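Student: The following comprises the amino acid sequence and a computationally predicted model.
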Amino acid sequence: MGVAGKPGASRVLIEGLKTLEYRGYDSAGVAIQHEGGLVVLRRAGKLAELEAALAELEPFGTTGMGHTRWATHGPPTEQNAHPHVDTHERVAVVHNGIIENHEAMRRELEATGCRFRSDTDTEVLAHLISERIKAGDDLSEAVRVTAQRLEGAYAFVVVSADHPDTVVGVRHFSPLVVGLAEGASFLASDIPALLPHTRSVMPLEDGDVVTLRPDGVSVCDVDGAAVERPTRTIDWDPVRIQKGGYKHFMMKEIEEQPAAIAATMASRLDDATGSIHMDALDALGDRLRAVTRMTFVACGTSWHAGLAGKFYIENIVGMPVGVDYASEFRYRSIRGGPDHLIVPITQSGETADTLGALRDAKAEGSPLISICNVPESSAARESDAVIQTEAGPEIGVASTKAFTTQLVALYMLALDLGLRRGVLSHDDVEARITPLRRVRYAMEGALRQAALVKEVAHRYADAQDFLFLGRGVNYPIALEGALKLKEISYIHAEGYPAGEMKHGPIALIDASMPVVTIATPGRVYEKVLSNIEEVRARDGVIIAVCAEGDERVRALADEVLEVPAVDEDLSPLVNVVPLQLLAYYIAEKRGCDIDQPRNLAKSVTVE
Ligand code: AGP
C-alpha cells in the first residue's frame, strides 16, 4: 500500500496492510518520509510484529508505503522483508511478483560497487532507481526508465527521501489500484485497503506508471506517454469485511453461503417468467454461435468448481467440456480458438496462473467468460464477459462461499446455454429453477448439523492421513473436502473418485486412516455403498456424508454427517458444507491459524 499527503501515514499504512494481510503474511515493513529522510521498519512474522514496533511511536509522516510479504525469493526473514533500499537508504521499494531478469542486473550492479543486503529479486529495483536519480531523473522518470528493463510479472511502489510527498507505482501483471481522496491519494494491491479513505478508485492497467501526490495522480506508460484511466465508485460495505463476532473469517464465510448463493441467483432468475438470463452470454453476441467446445481453466478450489461445471454443461447442454489446471493449460498445444470458449474461474481475479491462461487463450482468439468474485479485478476486466459471483469479499484463505457461488454460477450458465441452444425448453428450465432456489434451505439444514460435525472432528483430529471419496458430480466435492482439510489443518488428505480406490489407494486403508465418503442419493449411490463395503472389509474407518435418515449408510459407517436430500445435480452445494465444517473443527482443535494458514496466500499472484 502507498499513501501521499495523509497525516498519520504510519497508522494509515498499518491499517491498510491489515486488510491486505490475507494476500501474504510471512513478514512486513514500511518506509515513511520523515524529516528529510526515510524511516524504514521491517519485521519477520505476522503484521502484528511490525504494528508493535510502530506502536512505540506517535503516528507520523504523510507519505510512504508498506508491504506484507509472501516469500518467492529468499526465506521470510527481516532481512528479506520489504521495503528494500538502495546503498544510502534514500530510495525504498516494495514489490509483488517476480523480476525474472534480476540476477543479471544484480551482477551488473555489484560490479559497480553496489552492496546488496538481501536475497530478494526486489532489491535490484532500489539500486537501479537510485542510479537513475543520481543521473538526474526525477522519481517518476527514474522508475519509468527502470521498468523498461524489467522482465516478469510484478507491481512495485517507490518512495524517495529526495522527492517529498511523492509515491510512484508500476503495474505489470500484478494488481495495483489507485484511491483518490480530498488532499491525499492512495495506492494498493486490492480495493479493501482503500475503502476506509475513499470509494473512488482507479484500477491501473499493465504497463501503467502512476505518480501520486497529495493533490492527485498522473498516469503514463513506460514510454512516458500520458494515459487516462477511468475512475469508479465502489459501493461495498466495509463493515462486511470485518469478522462480525466470529472467531475466524472462515466460519463467518461458511455460514454466509446460503445468503451468498441467493445473491448470486437474484439478478439472474426472473420471478415473473420463472426463467433465467445470464447477461454475460449476451456480451459474446455472434461469437457464441461459433462455439463448439468449452474449457474451464482455474486453480485449486476454483478448479474443483470447474470439474462440477463439466457435469452441468455436458449433462444439460450436451457440449464437450474440458477442465484444466491453468498452470498446465498454458503449456498445452491447444490453448483455445474462435470456436473454443474459455472460462477462467477465479475468486480473486488475480491468480497469475489463471491470468496467464486467460491471456494465452485471448491470443488464440477464444471468446472469454470469467467467473469471478472481485469486481474490477484483472480477470474481470480482461475478459469479454464476466459472470460475477456475489459472495462478497472472501477474506479467509481457504475458499468456501466463493466456491459454492461458483457452483451456482456454473449451474445457471448451463441452464441459460441450454435454453439458447434449444436443448432445454422453458418448462425444463423452470422445473430446475425451483429446486435451485430452495437449495439454500438445504444448506442451512447442513449448517445446523455443525455441533455433530464438531464432535466427529474432535474424534479424528489426530489422524495423520485422510482419504476422501466421491463419485460423479460429487467427485469434485471429495477433492474439495481434502483440499480444505490439508490447507488449514496441515493433515495429509487425498481426494479420489470412489471407483478408483480399488486401483491403488485401497492399499492405504487401515484403522488409522479415516475415509470420508459422499453417499447421498443419486445414480451412483449403490456403487458408493459397495465402495464403503470394500473399505470396511479392510478395517477402514468410514465417515459418510449421507441424506438425513439414511439407515443403510448409517449401518455401514462409523460416523455419519447427515444433510438434507436434494437433486443429485445440486447435492454438491449441500454436501460440501459438512466437509468445510469438518476441516474447520479439526484445524481449530489442532490450534492452527485457520484464516492465514502457513505458506499460503489468498491470491497467488506469482506463477
Ligand atoms: C482454496 O481454498 C485455496 N485457497 C486455493 O486453492 C485457491 O482456490 C486458488 O489459489 C485459486 O484462487 P482463485 O480462485 O482466486 O483464482
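Tutor: Yep, it's here.
Student: show me where pLDDT drops low in this structure?
Tutor: 22-24, 72, 237-241, 244 (pLDDT under 70).
Student: and it, which residues reach the ligand?
Tutor: Taking C-beta under 6 Å from any ligand atom as the contact definition, the chain meets the ligand at 299-302, 346-348, 351, 354, 397-399, 487, 603-604. (Glycine included, C-beta is placed from N, CA and C.)
Student: Now the residue of the stretch 251-400 of the chain found nearest the ligand: closest residue in space that isn't a chain neighbour?
Tutor: Closest residue of the stretch 251-400 of the chain to the ligand, C-beta to the nearest ligand atom: G300 (1.8 Å). In space, and not counting its chain neighbours, G300 is closest to L483: 6.6 Å by C-beta to C-beta, 6 or more residues apart in numbering.
Student: Hmm, the one you found is touching W303, no?
Tutor: No: if you go by C-beta atoms under 8 Å, L483 and W303 don't touch, sitting 9.5 Å apart.
Student: List the buried residues in stretch 458-467.
Tutor: R459, Y460, A461, A463, F466, L467 (16 or more other C-beta atoms under 10 Å).
Student: Which ones among these lie within helices?
Tutor: Per DSSP state H, helices hold the following members of those: R459.
Student: any idea where the helices of the stretch 201-350 of the chain begin and end?
Tutor: In the stretch 201-350 of the chain, the segments counted as helices under DSSP state H, counting those that start in this stretch are 238-241, 249-255, 257-266, 279-284, 300-316, 326-329.
Student: of all those, which lies closest to L20?
Tutor: Checking the helices of the stretch 201-350 of the chain against L20 by C-beta to C-beta gives helix 238-241 as the closest, at 11.4 Å.
Student: contacting residues around the residue nearest to G300?
Tutor: G300, T301, H304, A493, G495 (C-beta atoms under 8 Å, 6 or more residues apart in numbering).
Student: Mind doing that once more with 10 Å?
Tutor: 300-301, 303-304, 398-399, 403, 468, 493-495, 579, 583 (C-beta atoms under 10 Å, 6 or more residues apart in numbering).
Student: Could you report the neighbour count for the residue nearest to A308 when sequence neighbours are not counted?
Tutor: Leaving aside its sequence neighbours, A308 sits nearest to P476 (C-beta to C-beta, 6+ apart; 4.7 Å). Neighbours of P476 under the rule other C-beta atoms under 10 Å: 27.
Student: just use 15 as the starting number from now, easier for me
Tutor: With the count now opening at 15, the last piece we talked about shows up as P490.
Student: Compute the inter-axis angle for the helix or strand hosting P490 and helix 314-330.
Tutor: Using DSSP states H and E, P490 sits within helix 489-503. Orientation check (axes from the mean of the first three to the mean of the last three C-alpha atoms, to 10 degrees): helix 489-503 against helix 314-330 gives 170 degrees.
Student: Now helix 489-503 - C-alpha only, PDB.
Tutor: Taking Å, rounded to 0.1, in the frame of the first residue of the first chain, the C-alpha atoms of helix 489-503 are listed here in PDB:
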ATOM      1  CA  TYR A 489     -16.100 -36.400  -7.000                       C
ATOM      2  CA  PRO A 490     -15.100 -32.800  -7.100                       C
ATOM      3  CA  ILE A 491     -16.500 -32.400  -3.700                       C
ATOM      4  CA  ALA A 492     -14.300 -35.200  -2.400                       C
ATOM      5  CA  LEU A 493     -11.300 -33.300  -3.800                       C
ATOM      6  CA  GLU A 494     -12.600 -30.000  -2.200                       C
ATOM      7  CA  GLY A 495     -13.000 -31.700   1.200                       C
ATOM      8  CA  ALA A 496      -9.500 -33.000   1.000                       C
ATOM      9  CA  LEU A 497      -8.100 -29.600   0.000                       C
ATOM     10  CA  LYS A 498      -9.900 -27.800   2.800                       C
ATOM     11  CA  LEU A 499      -8.500 -30.200   5.400                       C
ATOM     12  CA  LYS A 500      -4.900 -30.100   4.200                       C
ATOM     13  CA  GLU A 501      -5.000 -26.300   3.700                       C
ATOM     14  CA  ILE A 502      -6.000 -25.400   7.300                       C
ATOM     15  CA  SER A 503      -5.100 -28.400   9.400                       C
END
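Student: Need phi/psi at the residue nearest to A167 when sequence neighbours are not counted.
Tutor: Leaving aside its sequence neighbours, A167 sits nearest to F187 (C-beta to C-beta, 6+ apart; 3.6 Å). Main-chain torsions, F187, degrees, to the nearest 10: phi 70, psi 0.
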